[in-house]
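Q: missing the sequence, but the structure's below:
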Ligand code: HSE
(Lines give C-alpha, C1' and ligand atoms only; values in the text may rest on other atoms or scores of the structure.)
Protein backbone atom coordinates (compact mmCIF):
# COMPACT_ATOMS: atom_id res chain seq x y z
CA UNK A 1 0.00 0.00 0.00
CA UNK A 2 1.22 3.52 -0.85
CA UNK A 3 2.15 5.61 2.17
CA UNK A 4 1.54 9.09 0.95
CA UNK A 5 -0.24 10.98 -1.76
CA UNK A 6 -0.46 14.53 -3.10
CA UNK A 7 -3.92 15.67 -4.15
CA UNK A 8 -5.20 18.74 -5.95
CA UNK A 9 -8.85 19.76 -5.49
CA UNK A 10 -10.47 22.49 -7.59
CA UNK A 11 -11.87 25.83 -6.53
CA UNK A 12 -15.61 26.11 -7.08
CA UNK A 13 -18.18 28.80 -7.82
CA UNK A 14 -21.40 28.11 -5.94
CA UNK A 15 -24.87 29.63 -6.38
CA UNK A 16 -24.06 30.63 -10.01
CA UNK A 17 -26.56 33.50 -9.92
CA UNK A 18 -30.07 32.09 -9.47
CA UNK A 19 -28.94 28.69 -8.06
CA UNK A 20 -28.61 29.64 -4.38
CA UNK A 21 -27.52 26.51 -2.49
CA UNK A 22 -28.48 24.28 -5.44
CA UNK A 23 -25.86 24.91 -8.10
CA UNK A 24 -22.10 25.12 -8.43
CA UNK A 25 -19.26 24.38 -10.83
CA UNK A 26 -15.58 23.55 -10.59
CA UNK A 27 -12.66 25.55 -11.99
CA UNK A 28 -9.38 24.27 -13.40
CA UNK A 29 -7.61 27.06 -11.63
CA UNK A 30 -6.95 27.86 -8.79
CA UNK A 31 -6.62 24.52 -6.93
CA UNK A 32 -6.09 23.44 -3.34
CA UNK A 33 -3.13 21.16 -2.55
CA UNK A 34 -2.85 18.55 0.18
CA UNK A 35 -0.36 15.82 1.09
CA UNK A 36 -1.80 12.89 3.03
CA UNK A 37 0.48 10.41 4.78
CA UNK A 38 -0.38 7.15 6.53
CA UNK A 39 1.55 6.76 9.79
CA UNK A 40 2.01 4.06 12.41
CA UNK A 41 0.63 6.13 15.30
CA UNK A 42 -3.18 5.77 15.29
CA UNK A 43 -4.13 9.45 15.33
CA UNK A 44 -5.29 12.10 12.89
CA UNK A 45 -2.89 15.03 12.83
CA UNK A 46 -2.31 18.22 10.86
CA UNK A 47 1.45 18.48 10.49
CA UNK A 48 1.61 21.71 8.53
CA UNK A 49 -0.64 24.37 7.06
CA UNK A 50 0.94 26.84 4.69
CA UNK A 51 -0.45 29.81 2.77
CA UNK A 52 -3.26 30.69 5.17
CA UNK A 53 -1.56 33.35 7.32
CA UNK A 54 -2.19 31.23 10.47
CA UNK A 55 -5.95 31.46 10.14
CA UNK A 56 -6.93 27.80 9.92
CA UNK A 57 -7.24 25.59 13.01
CA UNK A 58 -4.86 22.71 13.74
CA UNK A 59 -7.54 21.38 16.12
CA UNK A 60 -8.79 18.29 14.31
CA UNK A 61 -12.35 18.81 15.53
CA UNK A 62 -12.46 22.24 13.86
CA UNK A 63 -10.61 21.76 10.57
CA UNK A 64 -12.83 20.68 7.64
CA UNK A 65 -10.24 18.24 6.32
CA UNK A 66 -9.73 16.32 9.57
CA UNK A 67 -13.43 16.30 10.48
CA UNK A 68 -14.14 14.71 7.09
CA UNK A 69 -11.33 12.17 7.55
CA UNK A 70 -12.56 11.25 11.03
CA UNK A 71 -16.06 10.55 9.64
CA UNK A 72 -14.52 8.33 7.00
CA UNK A 73 -12.31 6.35 9.41
CA UNK A 74 -15.23 5.96 11.86
CA UNK A 75 -17.34 4.47 9.07
CA UNK A 76 -14.55 1.98 8.28
CA UNK A 77 -13.97 1.37 11.97
CA UNK A 78 -10.30 1.74 11.19
CA UNK A 79 -7.67 2.87 13.70
CA UNK A 80 -4.82 4.12 11.55
CA UNK A 81 -2.61 7.18 11.63
CA UNK A 82 -3.21 9.96 9.10
CA UNK A 83 -1.10 13.09 8.81
CA UNK A 84 -1.97 16.09 6.65
CA UNK A 85 0.04 18.86 5.07
CA UNK A 86 -2.35 21.49 3.78
CA UNK A 87 -1.04 23.94 1.25
CA UNK A 88 -3.74 26.61 1.07
CA UNK A 89 -3.79 28.04 -2.42
CA UNK A 90 -7.39 29.15 -1.89
CA UNK A 91 -7.87 31.74 0.83
CA UNK A 92 -10.50 30.88 3.38
CA UNK A 93 -13.46 33.24 3.16
CA UNK A 94 -12.75 33.92 -0.53
CA UNK A 95 -16.04 32.57 -1.89
CA UNK A 96 -14.14 29.98 -3.94
CA UNK A 97 -15.00 26.92 -1.87
CA UNK A 98 -11.76 26.77 0.08
CA UNK A 99 -13.15 24.77 3.02
CA UNK A 100 -14.98 22.42 0.64
CA UNK A 101 -11.78 21.85 -1.36
CA UNK A 102 -9.90 20.92 1.84
CA UNK A 103 -12.61 18.48 2.88
CA UNK A 104 -12.77 16.93 -0.60
CA UNK A 105 -8.99 16.69 -1.04
CA UNK A 106 -8.61 14.92 2.31
CA UNK A 107 -11.25 12.22 1.79
CA UNK A 108 -10.45 11.74 -1.89
CA UNK A 109 -6.73 11.30 -1.12
CA UNK A 110 -7.26 9.00 1.86
CA UNK A 111 -9.69 6.88 -0.14
CA UNK A 112 -7.01 6.47 -2.83
CA UNK A 113 -4.42 5.49 -0.20
CA UNK A 114 -6.79 2.86 1.19
CA UNK A 115 -7.42 1.43 -2.32
CA UNK A 116 -10.82 3.06 -2.79
CA UNK A 117 -13.18 1.42 -0.28
CA UNK A 118 -15.70 4.22 -0.96
CA UNK A 119 -17.46 5.56 -4.03
CA UNK A 120 -17.54 9.30 -4.75
CA UNK A 121 -21.15 9.34 -3.52
CA UNK A 122 -19.95 8.02 -0.13
CA UNK A 123 -17.13 10.55 -0.04
CA UNK A 124 -19.63 13.35 -0.61
CA UNK A 125 -21.26 12.63 2.73
CA UNK A 126 -17.94 12.73 4.66
CA UNK A 127 -16.84 15.91 2.89
CA UNK A 128 -20.17 17.61 3.56
CA UNK A 129 -19.84 16.92 7.27
CA UNK A 130 -16.34 18.40 7.17
CA UNK A 131 -17.52 21.47 5.26
CA UNK A 132 -20.32 22.01 7.79
CA UNK A 133 -17.84 22.82 10.59
CA UNK A 134 -16.51 25.76 8.58
CA UNK A 135 -19.71 27.20 7.19
CA UNK A 136 -22.14 26.31 9.96
CA UNK A 137 -24.54 24.65 7.52
CA UNK A 138 -24.83 21.67 5.20
CA UNK A 139 -24.74 22.97 1.66
CA UNK A 140 -23.33 20.89 -1.17
CA UNK A 141 -22.94 23.49 -3.89
CA UNK A 142 -19.15 23.69 -3.37
CA UNK A 143 -18.39 20.16 -2.15
CA UNK A 144 -20.32 18.37 -4.93
CA UNK A 145 -18.78 20.18 -7.94
CA UNK A 146 -15.35 19.99 -6.29
CA UNK A 147 -15.69 16.21 -5.95
CA UNK A 148 -17.46 15.35 -9.21
CA UNK A 149 -16.24 18.21 -11.42
CA UNK A 150 -18.41 20.12 -13.88
CA UNK A 151 -21.68 21.90 -13.16
CA UNK A 152 -23.75 20.24 -10.47
CA UNK A 153 -27.40 20.81 -9.74
CA UNK A 154 -28.67 19.66 -6.33
CA UNK A 155 -32.29 18.61 -6.78
CA UNK A 156 -32.70 17.46 -3.18
CA UNK A 157 -30.69 17.44 0.03
CA UNK A 158 -32.69 14.76 1.81
CA UNK A 159 -32.02 12.34 0.27
CA UNK A 160 -29.13 13.88 -1.64
CA UNK A 161 -29.88 13.89 -5.37
CA UNK A 162 -27.28 15.44 -7.67
CA UNK A 163 -27.44 16.05 -11.40
CA UNK A 164 -24.33 16.75 -13.45
CA UNK A 165 -25.07 19.24 -16.20
CA UNK A 166 -23.07 19.38 -19.41
CA UNK A 167 -21.70 22.82 -20.14
CA UNK A 168 -20.40 24.47 -23.32
CA UNK A 169 -16.74 23.68 -24.11
CA UNK A 170 -16.00 27.31 -24.88
CA UNK A 171 -17.34 28.67 -21.60
CA UNK A 172 -14.73 30.60 -19.62
CA UNK A 173 -14.91 32.08 -16.19
CA UNK A 174 -13.19 35.18 -14.84
CA UNK A 175 -12.83 35.42 -11.08
CA UNK A 176 -12.07 38.67 -9.36
CA UNK A 177 -11.00 38.09 -5.78
CA UNK A 178 -10.86 41.33 -3.75
CA UNK A 179 -8.38 40.45 -1.01
CA UNK A 180 -10.52 40.30 2.09
CA UNK A 181 -12.55 37.53 3.68
CA UNK A 182 -16.26 37.01 4.22
CA UNK A 183 -17.47 34.33 6.61
CA UNK A 184 -20.13 32.16 4.96
CA UNK A 185 -21.89 31.78 8.32
CA UNK A 186 -22.20 35.60 8.56
CA UNK A 187 -23.24 36.04 4.93
CA UNK A 188 -25.97 33.43 5.39
CA UNK A 189 -27.54 35.55 8.13
CA UNK A 190 -28.30 38.20 5.47
CA UNK A 191 -30.51 35.85 3.46
CA UNK A 192 -34.20 36.50 4.13
CA UNK A 193 -36.26 33.69 5.62
CA UNK A 194 -39.31 34.39 3.46
CA UNK A 195 -39.65 35.39 -0.17
CA UNK A 196 -42.61 36.74 -2.13
CA UNK A 197 -44.34 34.74 -4.83
CA UNK A 198 -42.84 37.09 -7.45
CA UNK A 199 -39.32 36.47 -6.10
CA UNK A 200 -39.94 32.74 -6.09
CA UNK A 201 -41.09 32.82 -9.72
CA UNK A 202 -38.14 34.95 -10.84
CA UNK A 203 -35.58 32.75 -9.10
CA UNK A 204 -36.99 29.40 -10.25
CA UNK A 205 -37.53 30.50 -13.85
CA UNK A 206 -33.98 31.84 -14.08
CA UNK A 207 -32.46 28.74 -12.46
CA UNK A 208 -34.37 26.48 -14.87
CA UNK A 209 -33.37 28.68 -17.84
CA UNK A 210 -29.73 28.65 -16.76
CA UNK A 211 -29.69 24.83 -16.85
CA UNK A 212 -31.28 24.88 -20.30
CA UNK A 213 -28.79 27.50 -21.52
CA UNK A 214 -25.86 25.35 -20.39
CA UNK A 215 -27.24 22.20 -21.98
CA UNK A 216 -27.93 23.93 -25.30
CA UNK A 217 -24.84 26.18 -25.29
CA UNK A 218 -27.27 29.08 -25.65
CA UNK A 219 -25.17 32.05 -24.57
CA UNK A 220 -27.97 34.58 -25.07
CA UNK A 221 -30.19 32.64 -22.67
CA UNK A 222 -27.26 32.18 -20.27
CA UNK A 223 -26.85 35.95 -20.11
CA UNK A 224 -30.59 36.53 -19.53
CA UNK A 225 -30.70 33.82 -16.84
CA UNK A 226 -27.84 35.03 -14.64
CA UNK A 227 -30.32 36.90 -12.49
CA UNK A 228 -30.42 36.27 -8.74
CA UNK A 229 -33.04 37.86 -6.49
CA UNK A 230 -32.04 35.91 -3.36
CA UNK A 231 -28.34 36.13 -2.45
CA UNK A 232 -26.91 38.90 -4.62
CA UNK A 233 -29.21 41.75 -3.48
CA UNK A 234 -28.74 40.71 0.16
CA UNK A 235 -24.95 40.37 0.02
CA UNK A 236 -23.84 43.02 -2.51
CA UNK A 237 -23.24 45.49 0.33
CA UNK A 238 -20.49 43.21 1.70
CA UNK A 239 -18.39 43.84 -1.42
CA UNK A 240 -17.30 47.47 -1.93
CA UNK A 241 -18.13 48.60 -5.47
CA UNK A 242 -19.94 45.34 -6.34
CA UNK A 243 -22.41 46.86 -8.81
CA UNK A 244 -19.74 49.02 -10.46
CA UNK A 245 -17.56 45.92 -10.91
CA UNK A 246 -20.48 43.87 -12.23
CA UNK A 247 -21.49 46.62 -14.68
CA UNK A 248 -17.93 46.91 -15.96
CA UNK A 249 -17.88 43.17 -16.68
CA UNK A 250 -21.24 43.26 -18.49
CA UNK A 251 -20.34 46.40 -20.48
CA UNK A 252 -17.21 44.62 -21.64
CA UNK A 253 -19.10 41.63 -22.98
CA UNK A 254 -19.47 39.25 -20.01
CA UNK A 255 -22.27 36.70 -20.30
CA UNK A 256 -23.44 37.54 -16.80
CA UNK A 257 -21.67 38.29 -13.55
CA UNK A 258 -22.52 37.67 -9.90
CA UNK A 259 -21.10 36.86 -6.47
CA UNK A 260 -19.19 33.58 -6.20
CA UNK A 261 -20.60 31.68 -3.22
CA UNK A 262 -20.87 34.01 -0.27
CA UNK A 263 -18.19 36.33 -1.72
CA UNK A 264 -16.17 38.45 -1.88
CA UNK A 265 -15.05 36.80 -5.14
CA UNK A 266 -17.09 37.80 -8.17
CA UNK A 267 -17.39 35.59 -11.25
CA UNK A 268 -18.16 36.49 -14.86
CA UNK A 269 -18.73 34.20 -17.86
CA UNK A 270 -17.31 34.68 -21.36
CA UNK A 271 -17.20 32.62 -24.54
CA UNK A 272 -13.48 33.03 -25.22
CA UNK A 273 -10.36 33.09 -23.13
CA UNK A 274 -9.31 36.45 -24.60
CA UNK A 275 -12.60 38.05 -23.54
CA UNK A 276 -12.27 36.45 -20.09
CA UNK A 277 -8.78 37.96 -19.65
CA UNK A 278 -9.90 41.39 -20.86
CA UNK A 279 -12.95 41.34 -18.57
CA UNK A 280 -10.65 40.41 -15.66
CA UNK A 281 -8.42 43.41 -16.39
CA UNK A 282 -11.39 45.78 -16.38
CA UNK A 283 -12.93 44.28 -13.22
CA UNK A 284 -9.60 44.63 -11.44
CA UNK A 285 -9.23 48.30 -12.40
CA UNK A 286 -12.74 49.08 -11.13
CA UNK A 287 -12.36 47.02 -7.95
CA UNK A 288 -9.06 48.71 -7.05
CA UNK A 289 -10.96 51.96 -6.56
CA UNK A 290 -12.67 50.26 -3.60
CA UNK A 291 -10.33 47.49 -2.39
CA UNK A 292 -6.55 47.85 -2.44
CA UNK A 293 -5.54 44.34 -3.43
CA UNK A 294 -7.33 42.23 -6.03
CA UNK A 295 -6.42 38.97 -7.74
CA UNK A 296 -7.86 37.78 -11.03
CA UNK A 297 -8.11 34.15 -12.19
CA UNK A 298 -9.28 32.97 -15.58
CA UNK A 299 -10.32 29.36 -16.03
CA UNK A 300 -12.38 26.94 -18.07
CA UNK A 301 -14.72 24.51 -16.31
CA UNK A 302 -13.02 21.58 -14.57
CA UNK A 303 -14.93 18.44 -15.50
CA UNK A 304 -13.05 15.82 -13.52
CA UNK A 305 -12.79 16.94 -9.87
CA UNK A 306 -9.77 16.22 -7.66
CA UNK A 307 -6.64 14.56 -9.00
CA UNK A 308 -3.64 12.73 -7.60
CA UNK A 309 -0.30 14.12 -8.74
N1 LIG B 1 -24.57 28.44 -1.13
C2 LIG B 1 -23.69 28.85 -0.09
C3 LIG B 1 -24.01 30.29 0.29
C4 LIG B 1 -22.28 28.75 -0.59
O5 LIG B 1 -24.14 31.11 -0.61
O6 LIG B 1 -24.15 30.57 1.49
C7 LIG B 1 -21.25 29.29 0.34
O8 LIG B 1 -19.97 29.03 -0.17
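A: Happy to help now that I have it. In this text the structure is predicted, and so the values were computed from the model without any measurement. Numbers count the residues shown, from 1 in each chain.

Q: for the stretch 151-300 of the chain, which residue gets nearest to the ligand?
A: residue 261 (3.2 Å; CB to the nearest ligand atom). In this view, the C-beta of every residue, glycine as well, is placed from N, C-alpha and C.

Q: for residue 160, see how far away that residue is.
A: For residue 261, the distance to residue 160 (CB to CB, to the nearest Å) stands at 19 Å.

Q: for the ligand, what are the nearby residues on this structure?
A: Proximity of the chain to the ligand is confined to 14-15, 20-21, 139, 141-142, 184, 187-188, 231, 261-262 under the rule CB under 6 Å from any ligand atom.

Q: where does confidence bottom out across the residues you listed?
A: The lowest pLDDT within those belongs to residue 139, with 88.

Q: you'd agree it is in a helix?
A: No: looking at residue 139 with DSSP: H, G, I helix; E, B strand; the rest coil, it is coil, so not inside a helix.

Q: more neighbours: residue 261 and residue 160, which one.
A: The residue with more neighbours, out of residue 261 and residue 160, is residue 261; 30 against 15, by other CB atoms under 10 Å.

Q: got the contact list for the longest helix seen in the chain?
A: For the chain, the helix that runs over the most residues, judged by DSSP state H, is helix 197-216. Here helix 197-216 makes contact (CB atoms under 8 Å, 6 or more residues apart in numbering) with 16-20, 22-23, 151, 153, 165-168, 171, 195, 218-219, 221-222, 224-230.

Q: in it, what counts as buried?
A: 202-203, 206-207, 209-211, 213-214 (16 or more other CB atoms under 10 Å).

Q: what's the answer for stretch 235-243, then?
A: Buried residues in stretch 235-243, counting neighbours by 16+ other CB under 10 Å, are found at 235-236, 238-239, 241-242.

Q: so what touches that stretch?
A: 178, 182, 187, 190, 245, 259, 262-264, 266, 286-287, 289-291.

Q: for ChimeraX, what selects the buried ones among the residues you listed?
A: Under the burial definition 16+ other CB under 10 Å, those of the contacts of stretch 235-243 that qualify are selected in ChimeraX by:
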select :178,182,187,245,259,262,263,264,266,286,287,291
